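# generate coordinates for the sequence data below:
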Amino acid sequence: MAQPGRPPAASGYSSQNGAGEQRYSNGEVQNSLVHSSQMSDGQGYSSTVPGLYSHQVPTKVPLQPSSGLYNFGGSQNVSPLSNQRSGQTLNRPPMGHISVASLQHTSSGPQMLPQLQNSTALPSSSSSFVPGAHPPALSNWQYGQTPMSQPTGSQTNHLGHVAGTVSTQPLSSSGSTNPATSYQYAVSPGGPPLQNSYMKPGSVPPPVNRPLGSAFPPARPPLGPPPTGGPPLVRPSTTPVGLPNNSVPHLPLNSATNQEGDVAATASDGSLVQNSYDAIEGGGFMATCSSSAPQNLNLGRSVGYSYPTLPPGYQNVSSPGAPGMQSSPLQYPAGPQPFPQPSLGSNHLTAPMSSLSLQPEGLRSINLLQERNILPTTPLQAPVPNLHEEIQKLNCNPELFRCTLTNIPQTQALLNKAKLPLGLLLHPFKDLSQLPVVTSSTIVRCRSCRTYINPFVSFLDQRRWKCNLCYRVNDVPEEFMYNPVTRVYGEPHKRPEVQNATIEFMAPSEYMLRPPQPPVYLFVFDVSHNAIETGYLNTVCKTLLDNLDLLPGNTRTKIGFITFDSTIHFYSLQEGLSQPQMLIVSDIEDVFIPMPENLLVNLNENKELIQDLLRTLPQMFTKSLETQSALGPALQAAFKLMSPTGGRISVFQTQLPSLGVGALKSREEPNQRASAKDIHLTPSTDFYKKLALDCSGQQVAVDLFLLSGQYSDLASLGCISRYSAGSVYYYQSYHQQHNPVLVEKLQKELKRYLTRKIGFEAVMRIRCTKGLSIHTFHGNFFVRSTDLLSLPNVNPDAGYAVQMSVEESLTDMPVVSFQSALLYTSSKGERRIRVHTMCLPVVTTLSDVYLGADVQAITGLLANMAVDRSVSASLSDARDALVNAVIDSLSAYRSSVLSIQQPGLMAPYSLRFFPLHVLALLKQKAFQTGTNIRLDERIFTMCQVKNQPLIYLMLMTHPNLYRVDNLTDEGALNINDKTIPQPPILQLSVEKLSRDGAYLMDAGSVMFMWIGKNCGQNFISQVLGIPSYASIPQNMTHLPELETAESTRTIAFISWLREQRPFFPILYIIRDESPLKSSFLQNMIEDRTESALSYYEFLLHIQQQVNK
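Alright, predicted model coming up:
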């Protein structure tokens, strides 16, 4: 796909802007939408209009809003919101005039909002205690869900801590989604197809997915035709504990188009088409199939032996039989001809793990106290699931989709016994170098749970496939029989959808509820005296000018600007004006929009006026003495301006807001920074959260750039981005003259921000195999109908995490699957669906669970949970819980897996880095103690934990250390004719440093190059370009480009490291007496610091607790 601003002919994404696409179309049948004049083969990506897609209110039984339910980590326990919101947050009067009162929502209804994942309307976070309950001793996290029989009175916190015991939760507070507590749409055999049943817009539906009456198992009760309002609701057999069914509050979204609710339209063939996103993308959810589906699936007793064989040409292919080849006692009718039973071929799954010969090191135990030098010299890779190589070859890239356990325990009891968290870490919109894109009028999905067809489904014969999530048998649509790659008919198993675990669909019109929105960008600048003093406006306006043509979009792209101090300034860019016209609104108590039609203008048609404005803005306020900041009213104005279309608001703020609604007061006391009770990690007002939820409802995301030397209450301000799916950027003490190194950082990161691909009006849903359930989400988003993540904007640098539990025993299932589907609108106006599917084996023994543990993913998920705990309880509780996670898992391993008790601290090979990674978390700015961490800096690091993809989070937690004064070409990479040295990674301890060398520490967002006192003169002169060690300047942050081999190698290595991430790490070159040496040493995880143990001392502490 073309990069914005470049001709579409350029194939392949740049490193900034995404991936090269391989397009597939489906023979004669094309999606007319894709080939319309507006849809260039561009950098766009597509999604639905979350604000417009109505959630079917009965999609889930409302669960009692309590701990673990839909909360976002950073700020769940602002209790006042629970009394003020009353389910009206997103209600707005018609556009045109919005009073301040409508945004304050002071109604005091008693009801809460069970839909709000990222909502402080709930009493507490996923890791918080139920109000009024007596908190147990805070010692460890419990990762499991509670059985239905759990009494409701004994609610405990999801991260709750009862040392050595398994804490359980009542279903009402779990937030889990499972068949017993969910409404499901049952599809009636012979009834009209579900919405989006592979219909070409405007045509009679093809013979797709014809329900075979005999294809359903006998146990399935007959269903009548659906009522006119849509498919019938199948109620759960057990009444869940929680709110009564009639108390589900609505969240009205975007009344200008579709209110969320049961709104249906009639298709051209007379069948009903649901006008809600739940209906379009969803139907089923969490991969739980309809409760009327057969319950007696004893699958996989002998893998692959119970299905009829495929016709010649279908056998011994790598994908169709992949996972899901479980045997079933259900007798499906034979196809047109009787097929003999197949033998177990290369296309089947491996046998259970217990019968495999495993690598010896995978099973061996390590005494951590004896084997100190366990850190590998190359980056730690994700463990490879124990699947047949043909299946694993098709599995999802772990950089996109990763599970904390690559061997899924068969039961919750086994998971509880392992004392390890089960969860997923996602990077769903990552820039990809190769991305298969399918253009087809038919997107094949399971009729029951709405799973997209993927490499891990089973083909029973040419005409039927079995869903790998709910096991429903579906028909293969006629169109799907043609393979656009091989151009052969009759090979559905070889189509791209069944050969790629990551794929993107061009969505047909059934996936749209309104025309795709144009790209709209609104920039909101703080122009108070303090802001002008920092000089940030010069950098931002210049960077924007330089990249104006690279903003993702097309001929419909719109742009606008607002500035503010104690008043709000709008800029009319009306065609025909000789220069931009400033309009000042001084009434910040009741903000209105003057001349709304000229404030957001077409970028291409008004480019000269926009360029004039960007050139003059930095000088317009240089003589301003206005020190006040009316950020709240400015955001209200921005929201009103953007509501009709949706889009992205970029806010630049340099101080604590002091005027109007949303004004804040300083809460930081430097002397009490380390006191857990006095750390203000929670918002001081719910204004920014409420406004963010309003923004989310109108498809508006807000990105916050905070450039401040003083306390600015990021805990409160950050809510505007957190709940609207935006991002937070923090430049501490930004100043053009006094801190010039941050100028380059802002310029580089802003360029990436402006030019990276973007998805608008997006929603994401994660499904998993029947028996598993998802109960807590982490990231920047708003949870709309229980499991649907609303993402007004989605960007390629955002990560997400979810916690899961094993709700029903996975007996006789050799594998389970997980699928994420991201539906979005590209900047080119295309609707697209990006799907990732992952398959993992199920195991029955504790040793196999430990064998498949992914220590980096476990650390990432625990870090997200620890942020929640810090906010809902205290920093010390979060630290204790992290330590106890290590103690509990190693204790369980020692007592339940080790047959011979040995002295020392024994750990399974897979968890050999677990104590080291947790110690690194304890020393990270988010969780470390001590008074040297500013409160905003701590909050920002917590924001990063919640929003960073795992690969970047791990680098910031446990930096990489390299020796760089002796770089060679041995083992070097060759990329674009550049030789990139690959020095070995060293342990993070000063004992690994030599005064004769130079060392580079890569800590993700910052790099340090430490030069030893006796470092060779050759390196100092050939790389630093300096005559001697003594002449190294204190504030050196750049390496000169010298015509020497040493300089070329060093610069190539550092540039390569920088190019692999979306943010720009500053390089600080330091020597022994440098003031920054303390920061360098703070990252030496294995050494003792003023407030934390050394690695060896930490291991002794763990051993002492394990041996108790």
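
# which residues sit in contact with I833?
Counting by CB atoms under 8 Å, 6 or more residues apart in numbering, I833 makes contact with 46, 281, 443, 452, 504-505, 507, 511, 821-824. All C-beta spots, glycine's among them, are computed from the backbone N, C-alpha and C.

# dump those residues to TSV, plus pLDDT, distance to Q803 and secondary structure.
Listed next are the contacts of I833 as TSV, based on pLDDT from 0 to 100; distance: CB to CB, whole Å; DSSP: H, G, I helix; E, B strand; the rest coil:
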residue	pLDDT	distance to Q803	secondary structure
S46	35	28	coil
E281	69	22	helix
I443	95	29	coil
Y452	97	23	strand
E504	97	27	strand
F505	97	28	strand
A507	93	29	coil
Y511	86	29	helix
A821	98	19	strand
L822	98	20	strand
L823	97	23	strand
Y824	97	24	strand
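
# nearest to N538 among those?
Y824 (34.0 Å; CB to CB).

# burial measure for that closest one, as a count.
Residues within reach of Y824, counting by other CB atoms under 10 Å, total 30.

# K542 versus Q736, what's the distance?
12 Å (CB to CB, to the nearest Å).

# longest single strand anywhere in this structure?
Identified as the longest strand of the chain according to DSSP state E is strand 831-843.

# so what strands line up beside it?
strand 408-409 (parallel), strand 502-506 (antiparallel), strand 815-825 (antiparallel) (DSSP bridges).

# dump those to TSV, plus distance to I939.
What follows is the strands paired with strand 831-843, written out as TSV (distance: least, CB to CB, whole Å):
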stretch	distance to I939
strand 408-409	35
strand 502-506	34
strand 815-825	28
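
# which one of those lies closest to R934?
strand 815-825 (35.2 Å).

# may I have the closest one as PDB, with CA atoms only?
Output of strand 815-825 as PDB, limited to C-alpha atoms (Å, rounded to 0.1, in the frame of the first residue of the first chain):
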ATOM      1  CA  VAL A 815      -5.900 -27.600  21.100                       C
ATOM      2  CA  VAL A 816      -7.600 -24.300  21.700                       C
ATOM      3  CA  SER A 817      -7.600 -21.200  19.500                       C
ATOM      4  CA  PHE A 818      -7.800 -17.400  20.100                       C
ATOM      5  CA  GLN A 819      -8.900 -14.900  17.500                       C
ATOM      6  CA  SER A 820      -8.800 -11.100  17.500                       C
ATOM      7  CA  ALA A 821     -10.700  -9.100  14.900                       C
ATOM      8  CA  LEU A 822     -10.100  -5.400  14.400                       C
ATOM      9  CA  LEU A 823     -12.700  -3.600  12.300                       C
ATOM     10  CA  TYR A 824     -11.700  -0.100  11.200                       C
ATOM     11  CA  THR A 825     -11.800   2.600   8.600                       C
END
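
# beyond the helix or strand harbouring F561, next helix or strand please.
For F561, the host element (DSSP states H and E) is strand 558-564. Proceeding N to C from strand 558-564, the next assigned helix or strand is strand 568-572, under DSSP H and E.

# average pLDDT across the very next helix or strand once past that following strand?
Downstream of strand 568-572, the next assigned helix or strand under DSSP H and E is strand 581-585. Average pLDDT, strand 581-585: 96.

# give me the sheet partners of the helix or strand that strand 581-585 is followed by and which way each runs.
Next along the chain after strand 581-585, taking DSSP H and E as the criterion, comes strand 601-602. Partners of strand 601-602 in the sheet, by DSSP bridges, are strand 558-564 (antiparallel).

# so what touches the strand it pairs with?
Counting by CB under 8 Å, 6+ apart, 518-527, 551, 568-571, 573, 599-603, 610, 613, 617, 621, 629-631, 633-634, 637-638, 641, 645, 647 sit against strand 558-564.

# I1102 and V918 touch, don't they?
No - contact between I1102 and V918 fails when scored by CB atoms under 8 Å: they sit 9.1 Å apart.

# more neighbours: those two, which one.
Neighbours per residue (other CB under 10 Å) separate I1102 from V918, with V918 holding more: 27 against 23.

# tell me the secondary structure at the more buried one.
Under DSSP: H, G, I helix; E, B strand; the rest coil, V918 falls in the helix class.

# am I right that L387 is in contact with P841?
Yes - shown here, L387 and P841 form a contact pair, counting by CB under 8 Å, at 5.9 Å.

# re the thing from before, shared neighbours, I1102 and V918?
Joint contacts of I1102 and V918 (CB under 8 Å, 6+ apart) are 883, 886.

# among the contacts of strand 558-564, which lie within helices?
610, 613, 617, 631, 633-634, 637-638, 641 (DSSP state H).

# make a markdown table from the residues you listed and add neighbour count, distance to Q655 and pLDDT to it.
Shown next, in a markdown table, are the ones in helices among the contacts of strand 558-564 (neighbours: other CB atoms under 10 Å; distance: CB to CB, whole Å; pLDDT from 0 to 100):
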| residue | neighbour count | distance to Q655 | pLDDT |
| --- | --- | --- | --- |
| I610 | 23 | 27 | 97 |
| L613 | 21 | 24 | 97 |
| L617 | 21 | 19 | 96 |
| L631 | 28 | 9 | 98 |
| P633 | 26 | 15 | 98 |
| A634 | 30 | 13 | 98 |
| A637 | 26 | 19 | 97 |
| A638 | 26 | 18 | 98 |
| L641 | 23 | 23 | 97 |
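
# next, the contact list for the nearest residue to T411 once chain neighbours are set aside, please.
Nearest residue to T411 in three dimensions, chain neighbours excluded: S809, at 4.9 Å (CB to CB, 6 or more residues apart in numbering). The contact partners of S809, by CB under 8 Å, 6+ apart, come to 410-411, 771.

# can you check Y800 too?
425-428, 764, 777-779, 781, 789.

# and Q1022, by the same measure?
Taking CB under 8 Å, 6+ apart as the contact definition, Q1022 lies against 1042, 1044-1047.

# measure it to G632 for me?
Note on Q1022: its distance to G632, by CB to CB, is 55 Å.

# for the helix or strand following the longest strand of the chain, output the C-alpha coordinates as PDB.
Scanning forward in sequence from strand 831-843 by DSSP H and E, the next helix or strand is helix 846-851. What follows is helix 846-851, C-alpha atoms only, in PDB (Å, rounded to 0.1, in the frame of the first residue of the first chain):
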ATOM      1  CA  LEU A 846       1.500 -29.300  35.900                       C
ATOM      2  CA  SER A 847       4.900 -30.000  34.500                       C
ATOM      3  CA  ASP A 848       3.600 -29.300  31.000                       C
ATOM      4  CA  VAL A 849       2.000 -26.100  32.100                       C
ATOM      5  CA  TYR A 850       5.400 -24.900  33.500                       C
ATOM      6  CA  LEU A 851       7.100 -26.200  30.400                       C
END
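
# so N604 sits right up against L548, yeah?
No - N604 is beyond contact range of L548, at 10.1 Å (criterion: CB under 8 Å).

# buried ones in whichever helix in the chain runs longest?
Scanning the chain for the longest helix, with DSSP H as the assignment, gives helix 875-896. Neighbour-count burial for helix 875-896, with 16 or more other CB atoms under 10 Å as criterion, is recorded at 875-894.

# swap in stretch 1003-1016?
Buried-residue list, stretch 1003-1016, by 16+ other CB under 10 Å: 1003-1012, 1015-1016.
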